[in-house]
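Q: sequence unknown, structure follows:
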């Protein structure tokens, strides 16, 4: 499994940061590895969706659980990626701390490339959190 943990402090209230990260339809705007999002169903705070990732335009199924203003937990349920991505928000002084944690691997024969993909996901996560920070601090 590839574990990645990245965090950033944002000089903006948690409500403003939450409004950005919880708009799941806009995920491709911030996360360059996500090309397209298609929400299939919603049951309370749980969304089932299909995403198209940049790696070979592969489609992955996800279950997204939302805990308002605290956490978004994304479980990859089908496709080339197996594992979880968790976005958390906390406050520190008058800032918001935004964290992204990945615990994933590539499935099947692609598993041998997990290490290579880890670096791409890590770089993409740093860029995504920075873009979110820039938008929230405007």
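A: Okay, I see it. As the structure is a prediction and not an experimental result, all values here were calculated from the model.

Q: need the helices for the chain, in chain order.
A: Using DSSP state H, the helices of the chain run over residues 14-21, 27-30, 114-136.

Q: Turn those helices into CSV, columns for mean pLDDT and distance to residue 36.
A: Backbone N, C-alpha and C define where each C-beta goes, glycine included. Converted to CSV, the helices of the chain look like this (pLDDT from 0 to 100; distance: least, C-beta to C-beta, whole Å):
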stretch, mean pLDDT, distance to residue 36
helix 14-21, 97, 18
helix 27-30, 96, 6
helix 114-136, 94, 15
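
Q: if I pick the residue most central in space within the chain, what's in contact with it?
A: The centroid of the chain falls nearest to residue 85 when counting by C-alpha atoms, centre = their mean (5.6 Å). Shown in contact with residue 85 (C-beta atoms under 8 Å, 6 or more residues apart in numbering): 73-74, 76, 100-102, 104.

Q: mind redoing it with 6 Å?
A: 74, 102 (C-beta atoms under 6 Å, 6 or more residues apart in numbering).

Q: ok, now how distant is it from residue 43?
A: 20 Å (C-beta to C-beta, to the nearest Å).

Q: now residue 72
A: Residue 72 is 16 Å from residue 43, by C-beta to C-beta.

Q: ditto for residue 8
A: 31 Å.

Q: what's the burial count for residue 126?
A: Per other C-beta atoms under 10 Å, the neighbour tally for residue 126 reads 14.

Q: and the residue nearest to the centre of the chain, bridged to which residues?
A: The partner list for residue 85 in beta bridges (DSSP bridges) reads residue 74, residue 102.
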